[in-house]
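Visitor: The sequence and its predicted three-dimensional model are supplied below.
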Amino acid sequence: MDKKGEDVGLSFYAFFKNKNDEPELLIEAAHWWIITHQLDHFEKASKIKALVEHE
């Protein structure tokens, strides 16, 4: 079942392939997501979009 719209959940892992071929970038994204913004593992895509647009 496809989920679309503002309620869709998003994880920072969504920005990476299944392979860990860019570990430094993965750590940077994890730090931004977990430490800087104290987000849960899954967040609403609309929330992430708003955060990124205001950076």
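Guide: Done, it's in. Numbers count the residues shown, from 1 in each chain.
Visitor: Before we move on, what's the pLDDT of the residue most central in space within the chain?
Guide: With distances taken as CA atoms, centre = their mean, F12 lies nearest the centre of the chain, 2.8 Å away. Looking at F12, its pLDDT reads 72.
Visitor: Next, the contact list for it, please.
Guide: Neighbouring residues of F12 by CB atoms under 8 Å, 6 or more residues apart in numbering: A29, A30, W32, W33, I34. For the C-beta atoms, the positions are set from N, CA and C on the backbone; glycine is no exception.
Visitor: Can you go through the residues you listed and name the buried ones?
Guide: Among those, the ones that count as buried by 16 or more other CB atoms under 10 Å are A29, W33.
Visitor: The protein: helices as residue ranges?
Guide: 23-30, 45-53 (DSSP state H).
Visitor: Please name whichever of those is nearest to L39.
Guide: Across these, L39 has its closest neighbour in helix 45-53 (7.9 Å, CB to CB).
Visitor: counting contacts, what elements does that closest one pack onto?
Guide: strand 9-10 (3 or more CB pairs under 8 Å, 6 or more residues apart in numbering; DSSP states H and E).
Visitor: if we look at the strand it packs on, which residues are touching it?
Guide: By CB under 8 Å, 6+ apart, strand 9-10 touches K3, F42, E43, K44, A45, I48.
Visitor: Buried among those? Make that a PyMOL selection.
Guide: Command for PyMOL, covering only those of the contacts of strand 9-10 found buried under the criterion 16+ other CB under 10 Å:
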select buried, resi 43+45+48
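Visitor: Distance to D21 and pLDDT added to the contacts of strand 9-10, as CSV?
Guide: Formatted as CSV, these follow (distance: CB to CB, whole Å; pLDDT from 0 to 100):
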residue, distance to D21, pLDDT
K3, 27, 56
F42, 23, 81
E43, 24, 83
K44, 28, 84
A45, 24, 79
I48, 22, 83
